[in-house]
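Enquirer: one predicted model, sequence on top.
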Amino acid sequence: MAEYVIAIDQGTTSTRAIVFDHSGSIVSTGQKEHEQIFPQAGWVEHDPKEIWDNTREVIGQALSKANITRHDITAIGITNQRETAVVWDKNTGEPVYNAIVWQDTRTQKIVDRLADGDVERYKKKVGLPLATYFSGTKIVWILENVDGAREKAEAGDLLFGTTDTWVLWNLTGGTDGGVHATDVTNASRTLFMDLESLSWDESILKDFGVPASMLPEIRSSSEVYGTASSSSLLREVPIAGILGDQQAATFGQAAFDTGESKNTYGTGNFLIFNTGEEIIHSKNGLLTTLGYKLGDAKPHYALEGSIAVTGSLIQWLRDNIGLISSAPEIEELAKTVEDNGGVYFVPAFSGLFAPYWRSDARGALVGLTRYVNKGHIARAALEATAFQTREVLDAVNADSGVDLTELKVDGGMIANNTLMQFQADILGVPVVRPVVAETTALGAAYAAGLATGFWADLDDLRKNWQEDSRWTPNMEDDERDRQLRLWKKAVTKTFDWVDDDVK
């Protein structure tokens, strides 16, 4: 009998394959980074072919490290960077352009044109404001700027997908019968899916000028979509779970019920609050999105606070500035000082996401004096993550009417104890880290395992969740208020930076 589930985690900076056992423990991992392509300011791209090549490689790594074969795997789950858009020729399998990444801001003029003065034009129907963040405007850019793309799309020869769809299509055979599908969570990040009907909205597609033939079929998050093709190391194994990365992390945290939530600390930060079967439209700058849908069961919805730059700020300090040579060094550098020295770092590199949604904002480092050293800047960079999370959590509390009593966390940055303690301090509630921190991949594995009977039900999954560490707040209320006041002042300094003539 097959003993394991494998999850493919196609993320912003790397692709991983992780093998899990029935207890939800990690058996083995394969991982490979892909190139971050920056053709000009505000543009962020990935090579889809490199991503697919890496996917195949990391599957081999994970199987080899665990000394297992496809016969030991009961199902495959996929999770992915959600809004990153790939458009490819269905006849050749060749992308017509690089993948345009969720952080990319090149589509602002398209956003302005479609909004016609109202960025919330479609929000009641799709849960999202018009913004460069979502994949819909990226498709429009490709159709308008890549030679021959519009003609091919209208002839029915081009396919669109977020990276889950790209991986699924290739894994199930590509040009030889590949399955062109996505799940509700990824579909809800396009600007095209009606939250109630869970179908593509024809009137919005017409406004955008995107042919419906390009779009994948919308399926649930937990069902068999197809099997891996004969050319794969996983041939004949069913692909049975798809969840966008943040929804997958929520699922992996066993936050299945109304009022439960999690915060993922990755390239960006994403706080998701489960609203159950109720669609709640935010009045405080949050997104309304799909949480998950299991087979034929009713969908669960969520409020989400999306923060564009958190972990990628540390990467920027390493790669662009040379302040550190490896990401873990940021904590040691921050610990050389007692506080931030009056410095606040607002990393609005891609504008500001929740709760502000200011595409005109750009990054700012404020409060500099001769006293400030690189330790203060390191600490300010870490604190920026915690401050942004606090603002999103305030918005969640206001929208839901229920104050969160603790915050479950996951993602790469939660290994940073200094950040986690400051997060608890600035929130004023405990922060809890699970034993298995790779909850994004775990959530995709859970969805796949549920569809194939590897796990019986949600209670089976709840039993797997275990607490590893807990941080409790120890900051005085007056100091917390002072820090938040100065942070909010710093945020205002980033507004209105981008003029028409700013590239």
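Expert: Yep, it's here.
Enquirer: only C-alpha atoms for contact and neighbour calcs from this point on.
Expert: Noted.
Enquirer: specify the beta-bridge partners of Lys262.
Expert: Lys262 has the following beta-bridge partners by DSSP bridges: Ile272.
Enquirer: ok, the nearest residue to Thr107 once chain neighbours are set aside - contacts?
Expert: If the residues on either side of it in the chain are set aside, Thr107 comes closest to Thr132, at 5.5 Å by Cα to Cα, 6 or more residues apart in numbering. By Cα atoms under 8 Å, 6 or more residues apart in numbering, the contact set of Thr132 is Trp102, Gln103, Asp104, Thr105, Arg106, Thr107, Gln108, Val111, Lys138.
Enquirer: my guess is the third one contacts Val44. True?
Expert: Yes. Under the criterion of Cα atoms under 8 Å, Asp104 lies in contact with Val44, with a separation of 4.9 Å.
Enquirer: more neighbours: which of the two?
Expert: Asp104 (23 against 20; other Cα atoms under 10 Å).
Enquirer: okay, the residue lying farthest from the centre of the chain: pLDDT?
Expert: Distance from the centre of the chain peaks at Arg370, with 38.0 Å (Cα atoms, centre = their mean). On pLDDT, Arg370 comes in at 96.
Enquirer: looking at this, it is in a strand?
Expert: No. With DSSP: H, G, I helix; E, B strand; the rest coil as the criterion, Arg370 is coil rather than part of a strand.
Enquirer: what's the distance between it and Leu287?
Expert: Distance, Arg370 to Leu287, using Cα to Cα, to the nearest Å: 41 Å.
Enquirer: same thing with Tyr122?
Expert: From Tyr122 to Leu287 the distance is 12 Å (Cα to Cα).
Enquirer: list residues touching both of these two?
Expert: With Cα under 8 Å, 6+ apart as the test, Tyr122 and Leu287 both reach Leu128, Pro129.
Enquirer: between the two, who's got more neighbours?
Expert: Using other Cα under 10 Å as the criterion, Tyr122 and Leu287 rank with Leu287 on top: 24 against 17.
Enquirer: the more buried one: what's it in contact with?
Expert: Gly127, Leu128, Pro129, His281, Leu303, Glu304, Gly305, Ser306 are the contacts of Leu287 under Cα under 8 Å, 6+ apart.
Enquirer: how about those residues, which pair is most distant?
Expert: His281 and Ser306 (15.2 Å; Cα to Cα).
Enquirer: compare the two (neighbour count), which wins?
Expert: Ser306 (26 against 21).
Enquirer: and the gap between the more buried one and Pro95?
Expert: 28 Å.
Enquirer: also Val58?
Expert: From Val58 to Pro95 the distance is 21 Å (Cα to Cα).
Enquirer: Glu154 too?
Expert: 16 Å.
Enquirer: ok, the two, which is more surrounded?
Expert: Neighbour totals were compared for Glu154 and Pro95, and Pro95 leads with 19 against 16 (other Cα under 10 Å).
Enquirer: which non-adjacent residue is nearest that one?
Expert: In space, Pro95 is closest to Trp88, 3.8 Å off (Cα to Cα, 6+ apart).
Enquirer: return the residues in contact with the residue lying closest to Leu368 once chain neighbours are set aside.
Expert: In space, and not counting its chain neighbours, Leu368 is closest to Val343: 5.9 Å by Cα to Cα, 6+ apart. Contact analysis of Val343 by Cα under 8 Å, 6+ apart lists Leu365, Val366, Gly367, Leu368, Val372, His376, Ile377, Ala380.
Enquirer: ok, of the residues you listed, which one's closest to Val184?
Expert: Among the contacts of Val343, and counting by Cα to Cα, the member closest to Val184 is Ala380, at 37.1 Å.
Enquirer: which parts of the helix ranked longest in the chain are buried?
Expert: The residue-count maximum for a helix in the chain (DSSP state H) belongs to helix 374-400. Neighbour counts over helix 374-400 (16 or more other Cα atoms under 10 Å) mark 375-393, 395-396, 399-400 as buried.
Enquirer: from Gln103, how far off is Lys493?
Expert: 21 Å.
Enquirer: looking at the two, which one has more neighbours?
Expert: Set side by side, Lys493 and Gln103 show more neighbours around Gln103, with 23 against 16, by other Cα under 10 Å.
Enquirer: can you pull the phi/psi pair for that one?
Expert: When read as degrees, to the nearest 10, the backbone of Gln103 gives phi -80, psi -10.
Enquirer: hmm, it is touching Ser350, no?
Expert: Yes. The pair Gln103 / Ser350 is scored as a contact, 6.2 Å apart, by Cα under 8 Å.
Enquirer: okay, Thr79: pLDDT?
Expert: 97.
Enquirer: just the pLDDT for Lys503.
Expert: 54.
Enquirer: contact partners of the strand or helix carrying Glu331?
Expert: For Glu331, the host element (DSSP states H and E) is helix 329-334. Applying Cα under 8 Å, 6+ apart, the contact partners of helix 329-334 are Ile314, Ile324, Lys374, Gly375, His376, Ile377, Ala378, Arg379, Asn416, Thr418, Leu419.
Enquirer: got those residues as a markdown table, with pLDDT and distance to Ala445 columns?
Expert: Below are the contacts of helix 329-334 laid out as a markdown table (pLDDT from 0 to 100; distance: Cα to Cα, whole Å):
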| residue | pLDDT | distance to Ala445 |
| --- | --- | --- |
| Ile314 | 93 | 29 |
| Ile324 | 93 | 34 |
| Lys374 | 94 | 41 |
| Gly375 | 96 | 40 |
| His376 | 97 | 40 |
| Ile377 | 96 | 38 |
| Ala378 | 95 | 35 |
| Arg379 | 96 | 35 |
| Asn416 | 92 | 26 |
| Thr418 | 94 | 30 |
| Leu419 | 95 | 28 |
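Enquirer: OK, contacts around the residue lying closest to Phe495 once chain neighbours are set aside?
Expert: Distances taken as Cα to Cα, 6+ apart put Ala361 closest to Phe495, at 4.5 Å, once the chain neighbours are dropped. Taking Cα under 8 Å, 6+ apart as the contact definition, Ala361 lies against Ala348, Phe349, Ser350, Gly351, Leu352, Thr494, Phe495, Asp496, Trp497, Val498.
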